[in-house]
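Colleague: what follows is a predicted protein model with its sequence.
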Amino acid sequence: MNNRLSPAHAAIALAIAAFLLLFLIIPVVTVVYVAFTNSDGSLTLEHFFSFFQLTLMRESFYNSLYVGGMSVLLSSVISLPLAYFTMRFQFRGSVLIQTLGVLPLIMPPFVGAAAMQLLFGRNGSVNLILNDCCGFGIPFMEGLNGVIFVEALHYFPFILLNLTVALANIDSAMEESAQNLGASGFRLFRRIVFPLAMPGYLAGAALVFLKVFDDVGTPLVLNVTNILAAQAYFRITSIGIDDPIGYVASVIMVIASLIAVWGSTWLMRGKDYATLQRGGSNLARRKLKPWQAVIAYGWIVLVLVVVLSPHLGILLLSLSKVWSYSIVPDVYTLDNYVTIFRDSTGMMGNTLLYCGIAAGLDVIIGTAIAYLILRTRLPGRQWLDLGATAAIAIPGVVIGIGYLRTFRDFQLPFTNEPFTAFWLIIAIAYTVRRLPYALRSCMAALQQMHVSLEEAAENLGANKNRTIYRVVVPLMAGGILAGFVTSFLTAAVELSATLMLVTAQSNAPMSYGIYLYMQSIAGRGPGAALGVVAVVLVGLGTYFSNRLIRSRAAGQAALMLKTGV
Amino acid sequence: MTDVLPAARKVRVDIRNVSLAFGATQVLRDISLTIEPGEFFALLGPSGCGKSTLLRLIAGFNQAQAGTVEIDGAEITDIPPWKRDIGMVFQNYALWPHLTVAQNVAFGLEERRLPRAEVARKTAAALELVGLKDFGQRRPNQLSGGQQQRVAVARTIAIEPKVLLLDEPLSNLDAQLRVHMRTELLALQRKLGITTIFVTHDQEEALSISDRVAVLDRGTIQQVGTPMDLFDRPVNRFIASFVGTINLLDGTARAAAGGVLFDSPLLGKVELASDHPLTGNASIAFRPHTLSLATADRAGAADRIWVDGTIAQREFLGEFVRYRIDARGTELIADQSHFGGSVEFVPGSAVKVGIAPAQVRVLPA
């Protein structure tokens, strides 16, 4: 550990602080400030009163909380049995968990939402079959149900994976001693296993809530507009950048997200139950009784089928000419792919450019913060971590609104183009939004590296910079790469901030294109085709980077998921 | 106190022909063992010998491929762990961090659906018994290692188990606390009278507090006996070298009147007493502290077998000095008690080593 203050460290820390201040803190503070002030600059609560006097806004407020809460609940119902079965019984589950775990990464819910309407909607495949055979339908996709259903199906892996890691970290003696004292079955689960896995569960649940709260694309594709994110988007884009109601909605979203994050950490303060100790043996996995096996495998298969349905649906949709009121499309075609490769290659290029910049900046900043925090005693270094991580609780719509407002009077030199219409602002928004993921990844990589490895290099004559260059960065490479890939892939499917910041078709990335296509019935085919291209690209990226990383940093994926990807 | 946690009904534990394998690895091979009612019984062996596996088998966490476990003649082989009433204290204590000390201790009583008042009474009694009466509201991670261990013991004895199992109970404590806790554990066991089996790899621990010890190696029982039995009458080379320090010499033996005639390069032919006649390759074993040392020029007493050697190394261990002696290429260890005015030998000096035939044990090779 370097005890002396180095001017270089201080300069780097200040640069990062300035970046976070400019592109995260000031925009968010601006949003809050506008929500609480009159046009003459005096403080007021009036906007909040008028917000809650509007029926639509009150409804949106309750709906957002309801959708967030119910999505967490539904995700838990899906995840709990899956996690428990796979971790405590002889069960072929690890492949499955890995498969389920990457699904939300490679396809965000708004992409599959239209396909889900065709599969599970009132006149969708499932209900057509149900009506045919049994004479009734199930309103999966009616109103808010549809949003909850789609969100839970996409985001339950956050709970599943966190819970799985938590269960794996429980020392087997914890459960054995409970059995030894007479507990078994559900009582054992309720009194010992679940409380010990609670931190993991809460971390996952908070993430699901954040993701759902943040999501503006899914409700809009499903024609649900009475939720907060959609209302904030509409107020700002249709009424104008000066409409205070949009800012109030933003502030409420930020507060709810912060409560979710801090609430889950506060509930679990001082309860890090990583109880696995040296010599802790693996718990003997129990055999399933035949009837249990039927239930367990039945549940898994059902979940898998439903989870894969948006992927299958989007594929079918992309290949269909006409698909309505039928179980599967009537006419198949490749025209949709022709259309997008004719019209949308610019968007694909934009996605690569923006996400490349964002992921590159993220790992540079992430590595720097990790080094400052773990290897120096620079005063205030924890604030960099806190600041960078705080981005996770700021919804994309709010970042977008903040940028539009903060930078509205800035002109680019020479061209006199407004800064808010410049493509780089989208890449910067991605950088800020995905920084927490890259940071966790870099921190974990550096944390696992014993400081004596660096001291050995210094002892042999390498100075600080040479040590970083020759020892620290090579050893962190796996973690840095993991951070880059995660930032890149998740930025590629970002929509909330994108929606706010895209001003011209020529600046739009793929996620925007998919959303735009999905707005019209006729555009669904090409939209789905573009979605398939995105999913394939992101899927391949995930697969190859995982293979590349696995040899270098095993378990990193689990770590990333635990901390917020 | 005793009316709340009454003295245990003493039970016998019978392990019959138990064999157990994890996959292709044979961990226990045809183990048979009887632990008498109220006994403080140790399972001793090097790591990987199967002692913990055997303990977990008794608790019900491992399933044997063959053999049975009986308690007072009733077979328990197929009873799940939670119905066995066999208390186990885990090596790392396994205290649940989300519960207070008192909640930890009350857990097993609650699982037995005892009335609330009785749970409270027995919890308090168990905590008082281990001297942690006022610690009930603390969290396990607020306690020291020794206190945590007491909580683990209290949690286990609170359910008044038929048998108490201790898995390396002292291994996580520092050296001084270890000595203190082992006498405390013994006192507690004597007070409750409960049949107790404990696992350890520390022979001093096993010898100092147990009534009887079973020594395991590579999944088989090498010897069962009282600590003195094991020390004085080891049955094979493994026991001889695992329990205490010993000198071993290889040679050949054949039956002779009243014992065996042992032939070795170092000692030549010597006649020794033995309980069982041995023929062919054999070893003899004798403890370092039974040897006497004399300067090379002195004539040794006739009742000992004398061997010439050179002091190779000297370790001063307080009560005694341990000499490593090079006796014509064979290393012998001799412990000489140390007191004011005792004779010291310096490395390099020529000595005579005297072996007392009555203290020599003949073992199969």
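Modeller: That came in fine, so what should we check first?

Colleague: quick check, residue B:227 in contact with residue B:214.
Modeller: No: assessed by C-beta atoms under 8 Å, residue B:227 is found out of contact with residue B:214, at 11.6 Å. Backbone N, C-alpha and C define where each C-beta goes, glycine included.

Colleague: so what sits against both of the two?
Modeller: Shared contacts of residue B:227 and residue B:214, defined by C-beta atoms under 8 Å, 6 or more residues apart in numbering or on different chains, are absent.

Colleague: which one of the residues in the stretch 351-500 of chain A is closest to chain B?
Modeller: As assessed by C-beta to the nearest C-beta, chain B sits closest to residue A:447 within the stretch 351-500 of chain A, at 21.6 Å.

Colleague: quick check, pLDDT for that residue.
Modeller: Looking at residue A:447, its pLDDT reads 85.

Colleague: not counting sequence-adjacent ones, nearest residue to it?
Modeller: Nearest in space to residue A:447, with sequence neighbours left out and distances taken as C-beta to C-beta, 6 or more residues apart in numbering or on different chains, is residue A:374 at 6.4 Å.

Colleague: go on, residue A:228?
Modeller: Leaving out its chain neighbours, the residue that sits closest to residue A:228 by C-beta to C-beta, 6+ apart is residue A:64, at 4.2 Å.

Colleague: so that neighbour touches residue A:229, yeah?
Modeller: Yes: with contact defined as C-beta under 8 Å, residue A:64 counts as touching residue A:229 (7.2 Å).

Colleague: which of the two has more neighbours?
Modeller: Each of residue A:64 and residue A:229 has its neighbours counted (other C-beta atoms under 10 Å in any protein chain shown); residue A:229 has more, 28 against 25.

Colleague: which other residues reach the helix or strand harbouring the more buried one?
Modeller: Following DSSP states H and E, one finds residue A:229 within helix A:228-234. Residues outside helix A:228-234 that contact it (C-beta under 8 Å, 6+ apart) are A:56-57, A:60-61, A:63-64, A:213-216, A:219-220, A:224-225, A:245-246, A:249-250, A:252-253, A:395, A:397-398, A:401, A:496, A:499-500.

Colleague: pLDDT on that helix, on average?
Modeller: 92.

Colleague: tell me if the following helix or strand past it is near chain B.
Modeller: Moving toward the C-terminus from helix A:228-234, the next helix or strand (DSSP H and E) is helix A:244-267. No: judged by C-beta under 8 Å from any C-beta of the partner chain, helix A:244-267 stays clear of chain B, getting no closer than 11.9 Å.

Colleague: mind listing what's buried in helix A:244-267?
Modeller: For helix A:244-267, a neighbour-count test (16 or more other C-beta atoms under 10 Å in any protein chain shown) marks A:244-254, A:256-257, A:260-261, A:264 as buried.

Colleague: repeat for stretch A:53-73
Modeller: A:57, A:60-61, A:63-65, A:67-68, A:70-72.

Colleague: check stretch A:28-46 too.
Modeller: Buried residues in stretch A:28-46, counting neighbours by 16+ other C-beta under 10 Å, are found at A:28, A:30-32, A:34-37.

Colleague: and the end-to-end length of that stretch?
Modeller: Its first and final residues considered, stretch A:28-46 spans 20 Å by C-alpha to C-alpha, to the nearest Å.

Colleague: what does that stretch rub up against?
Modeller: Defining contact as C-beta under 8 Å, 6+ apart, one finds that stretch A:28-46 is touched by A:47-48, A:242, A:244, A:247-248, A:250-251, A:254, A:394, A:398-399, A:401-402, A:405-406.

Colleague: how about 6 Å then?
Modeller: Applying C-beta atoms under 6 Å, 6 or more residues apart in numbering or on different chains, the contact partners of stretch A:28-46 are A:47, A:247-248, A:250-251, A:394, A:398, A:401-402, A:405-406.

Colleague: considering the residues you listed, which is situated nearest to residue B:74?
Modeller: The closest of the contacts of stretch A:28-46 to residue B:74 turns out to be residue A:394 (C-beta to C-beta; 65.0 Å).

Colleague: need the contact list for the closest one.
Modeller: residue A:28.

Colleague: what pLDDT does it get?
Modeller: 93.

Colleague: I'd like the mean pLDDT over the helix or strand encompassing residue B:312, please.
Modeller: Using DSSP H and E, the element containing residue B:312 is strand B:305-316. Per-residue pLDDT over strand B:305-316 has a mean of 92.

Colleague: what residues of the very next helix or strand once past it count as buried?
Modeller: Using DSSP H and E, the helix or strand that follows strand B:305-316 towards the C-terminus is strand B:320-327. Residues of strand B:320-327 classed as buried by neighbour count (16+ other C-beta under 10 Å): B:320-325, B:327.

Colleague: and what of stretch A:364-380?
Modeller: A:364-376, A:378.

Colleague: out of those, who's nearest residue B:152?
Modeller: The closest of those to residue B:152 turns out to be residue A:374 (C-beta to C-beta; 35.3 Å).

Colleague: would you pull up the residue in the stretch 51-200 of chain A closest to chain B?
Modeller: Residue of the stretch 51-200 of chain A nearest chain B, by C-beta to the nearest C-beta: residue A:181 (3.2 Å).

Colleague: residues near that residue, how many?
Modeller: Neighbours around residue A:181, by other C-beta under 10 Å: 27.

Colleague: which ones among the contacts of helix A:228-234 lie within helices?
Modeller: Among the contacts of helix A:228-234, DSSP state H puts A:56-57, A:60-61, A:63-64, A:213-214, A:219-220, A:245-246, A:249-250, A:252-253, A:397-398, A:401, A:496, A:499-500 in helices.

Colleague: what about the stretch 1-150 of chain B, any weak spots by pLDDT?
Modeller: Per-residue confidence for the stretch 1-150 of chain B (pLDDT under 70) gives these ranges: B:1-6.

Colleague: still on that earlier bit, who has more neighbours, residue B:227 and residue B:214?
Modeller: Of the pair residue B:227 and residue B:214, residue B:214 is the one with more neighbours under other C-beta under 10 Å, namely 24 against 20.

Colleague: now do the more buried one against residue A:193, distance only.
Modeller: 35 Å (C-beta to C-beta, to the nearest Å).

Colleague: shouldn't residue A:382 be within a strand?
Modeller: No: under DSSP: H, G, I helix; E, B strand; the rest coil, residue A:382 sits outside any strand and is assigned helix.

Colleague: find the nearest non-adjacent residue to it, please.
Modeller: Of all residues not flanking residue A:382 in the chain, residue A:373 sits nearest, at 6.8 Å (C-beta to C-beta, 6+ apart).

Colleague: next, that neighbour: secondary structure please.
Modeller: Three-state call for residue A:373 (three-state DSSP): helix.
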